[in-house]
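Participant: show me the folded form of this:
(one chain, ligands or ions: 2)
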Amino acid sequence: MASEIIKQITEYLVSAEVEKREVVKVTANIKPDLTVEEAYEAQELLVQTKLDQGHRIVGPKMGLTSKAKWDQMGVSEPIYGYVFDYMLVDNGGVVPFQIHPKVEAEIAFLIGEDIEGPGITGAQVLAKTEYVLPALEIIDSRYENFNFTHTDVIADNASTSRVVFGNTLKKPSELDLDLVGATLAINGQIKDLGAGAAVLGHPANAIAVLANMLARKGQKIKKGDLILSGALTGAVLLNVGDFVSGKFDGLGEVTFTMGE
Ligand code: 0L1
Ligand code: MG
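Facilitator: Ligands and ions are numbered 1, 2, ... in the order given. Alright, predicted model coming up:
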């Protein structure tokens with residue numbers, strides 16, 4: 001049973017998302033000493049709230065998967081959150097504007113068998129992956145100016161907002177995922193680029209870390225989960241009307257228009 005303060009944090013963040021309103025970070029407003037454990041407790045309550053509202057989980061997502069981000073945030077571990085069905089936008093579709101969206105190019109894993117940690121490796125993840133596919137993740141922190149600490153962003157479901165998956169599915173053995181390159185263009189101009197190796201050396205490593213993090217809570221990655229493994233590129237700020245294109249070597253193109 002969640003404590004009153006955890007309930008307060010979850011309600012604060014859920015209402016900010018629903019009302020498309022940015023808020024002061026939890027550690028500046030509600031609980032300065034918010035721990036990682038408490039932040040995941042608030043996230044779990046947020047997830048339960050959405051499930052109670054009738055939304056369905058598509059899969060977990062990994063965030064903060066690059067060494068550069070760890071150094072920036074003073075942490076040494078990625079974070080995870082959850083993607084829900086209402087967050088999905090068709091490839092080529094219009095993404096509804098929320099607060100201050102940013103886009104990242106990512107590789108997604110469609111999981112073919114349960115993956116239960118601890119001790120999971122990237123190679124084990126690849127053996128249990130049905131397909132990989134390209135994705136554009138739209139992150140949209142509920143916090144003012146994306147100003148948050150490590151624990152704030154965990155409580156805020158890792159800034160998750162919308163996801164556009166591509167239509168090209170490949171078996172993981174068909175690609176060297178660490179070498180898969182991606183470009184991220186806005187209105188025809190390349191704004192950033194990267195490769196799979198930017199994600200903990202190999203995107204499968206991020207999924208392995210997820211399995212091992214979930215194991216601490218007695219949870220596992222499930223067959224059928226569609227998981228974002230983390231950004232190959234930086235996160236690029238978007239404006240209404242922007243046309244966004246992510247091109248992935250061997251995995252095709254993913255596009256969307258930023259709506260109002
Ligand atoms: O998906 C991500 O890597 C985002 C994690 C949260 C950090 C941010 O909002 O920039
Ligand atoms: Mg991301």
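
Participant: Asp156 touches Leu13, doesn't it?
Facilitator: Yes. Under the criterion of CB atoms under 8 Å, Asp156 makes contact with Leu13 at 5.3 Å. From N, CA and C alone the C-beta is placed, and that goes for glycine too.

Participant: neighbour-wise, which of those two wins?
Facilitator: Taking neighbours as other CB atoms under 10 Å, Asp156 and Leu13 compare with Asp156 leading, 29 against 24.

Participant: need the contact list for that one.
Facilitator: The contact partners of Asp156, taken as CB atoms under 8 Å, 6 or more residues apart in numbering, are 13, 26, 43, 141-143, 148.

Participant: which residues touch the helix or strand hosting Leu126?
Facilitator: Secondary-structure assignment from DSSP states H and E places Leu126 in helix 122-127. Contact with helix 122-127 is made by 109, 115, 172-173, 202, 204-205, 207-208, 211, as judged by CB under 8 Å, 6+ apart.

Participant: can you rerun that using 6 Å?
Facilitator: 172, 202, 204-205, 207-208 (CB atoms under 6 Å, 6 or more residues apart in numbering).

Participant: same question for it, mean pLDDT?
Facilitator: Averaged across helix 122-127, pLDDT comes to 98.

Participant: in it, which residues are buried?
Facilitator: Judged by neighbour count (16 or more other CB atoms under 10 Å), helix 122-127 contains these buried residues: 122, 124-126.

Participant: can you tell me the closest non-neighbouring residue to the residue of the stretch 1-150 of the chain found nearest ligand 1?
Facilitator: At 2.8 Å from ligand 1, Gly63 is the closest residue in the stretch 1-150 of the chain, using CB to the nearest ligand atom. Leaving aside its chain neighbours, Gly63 sits nearest to Ala158 (4.1 Å; criterion: CB to CB, 6 or more residues apart in numbering).

Participant: on that earlier part again, where do the contact lists of Asp156 and Leu13 overlap?
Facilitator: Residues touching both Asp156 and Leu13 (CB under 6 Å, 6+ apart) are Arg142.

Participant: which strand residues bridge the residue of the stretch 1-150 of the chain closest to ligand 1?
Facilitator: Residues in a beta bridge with Gly63, per DSSP bridges, are Ile79.

Participant: residues near it, how many?
Facilitator: Quick note: Gly63 (other CB under 10 Å) scores 24 neighbours.

Participant: any idea of the pLDDT on it?
Facilitator: So Gly63 comes in at 97 (pLDDT).

Participant: what do you get for Glu4?
Facilitator: At Glu4, pLDDT is 96.

Participant: would you check how far apart it and Ala28 are?
Facilitator: Distance of Glu4 to Ala28, given as CB to CB, to the nearest Å: 19 Å.

Participant: and the closest residue to ligand 2 within the stretch 151-260 of the chain, what does it touch?
Facilitator: For the stretch 151-260 of the chain and ligand 2, the shortest gap (CB to the ion) falls at Ala231, measuring 4.8 Å. Residues near Ala231 by CB under 6 Å, 6+ apart: 104, 106.
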